[in-house]
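A.B. asks: based on what follows, work out the 3D shape:
(one chain, ligands or ions: 1)
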Amino acid sequence: MSKNVTAIPLSFELASRESLAVCYPIHCAVQVVPWSEGTFTDCTTSPYECWLAEGNGQIVGYVILLIVLDEVTIMDIAIAPEFQGQGIGKQLLRHVLSHCRNQKHRVCFLEVRESNQAAIHVYTKAGFTLLERRKNYYPVAGGREDALMMSLML
Ligand SMILES: CC(C)(COP(=O)(O)OP(=O)(O)OC[C@H]1O[C@@H](n2cnc3c(N)ncnc32)[C@H](O)[C@@H]1OP(=O)(O)O)[C@@H](O)C(=O)NCCC(=O)NCCS
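C.D. replies: Purely as a prediction, here's the structure:
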């Protein structure tokens with residue numbers, strides 16, 4: 001689905017509260033159960049770190065990390081719907097994992113709905129493996145679905 005080279009040149013930078021607020025509509029557009037805007041924009045200060053992907057003069061995606069000692073957890077990652085499938089998610093993830101390695105962080109964790117094949121594909125290609133399955137963890141229309149806990153040694 002994605003191309004090896006993104007159609008638009010990208011840059012990556014740490015988010016401020018103001019720049020992360022620009023991402024809130026992206027968050028609401030793609031998340032099944034969005035966070036409140038306050039919770040979302042609080043994610044720019046320790047122990048959180050948020051990176052933005054910018055292209056064509058606009059913010060096209062973001063990733064929010066929780067960093068505790070040498071452990072990183074990916075709390076959220078999203079690419080604006082109109083920019084998905086162009087390799088941006090893959091490059092953003094590669095960028096933050098490289099940054100985490102440079103910071104000498106040891107391991108990265110995440111959890112993902114088992115129905116989210118796009119995200120599972122991106123994570124697996126980045127080297128994440130299944131750590132644990134949490135049965136019926138997430139609410140979903142008409143019931144619940146499992147969460148996959150994944151990890152990557154950095
Ligand atoms: C998951 C997400 C971040 C991926 O970003 P993206 O920019 O669309 O993905 P990319 O274009 O970088 O694709 C990376 C790989 O995933 C594959 N992929 C993308 N969408 C896919 C889909 N719907 N089904 C299966 N594979 C898919 C691509 O083919 C590509 O594979 P390749 O490297 O083998 O070519 C993006 O789809 C998104 O924002 N989803 C909504 C939010 C979300 O679910 N976040 C994860 C929460 S855990």
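A.B. asks: the ligand contacts on this structure?
C.D. replies: 1-2, 30, 77-79, 84-90, 112, 116-119, 121-122, 125 (CB under 6 Å from any ligand atom). C-beta coordinates here come from the backbone N, C-alpha and C atoms, glycine included.
A.B. asks: partner strands of the helix or strand hosting M149, with direction?
C.D. replies: According to DSSP states H and E, M149 maps onto strand 143-153. Here strand 143-153 has these sheet partners by DSSP bridges: strand 107-113 (antiparallel), strand 129-140 (antiparallel).
A.B. asks: ok, L10 - how many residues close by?
C.D. replies: Neighbour count for L10, taken as other CB atoms under 10 Å: 18.
A.B. asks: what values do phi and psi take at it?
C.D. replies: phi -110, psi 150 (degrees, to the nearest 10).
A.B. asks: per-residue pLDDT, G142?
C.D. replies: On pLDDT, G142 comes in at 88.
A.B. asks: so what's the residue count around it?
C.D. replies: 5.
A.B. asks: first-to-last residue distance for stretch 121-129?
C.D. replies: 11 Å (CA to CA, to the nearest Å).
A.B. asks: for that stretch, what is the distance to the chain centroid?
C.D. replies: 12 Å (CA atoms, centre = their mean, to the nearest Å).
A.B. asks: can you list contacts of that stretch?
C.D. replies: 89-90, 93-94, 97, 108, 110, 112, 150-152 (CB atoms under 8 Å, 6 or more residues apart in numbering).
A.B. asks: recalculate using a threshold of 6 Å.
C.D. replies: 89-90, 93, 150, 152 (CB atoms under 6 Å, 6 or more residues apart in numbering).
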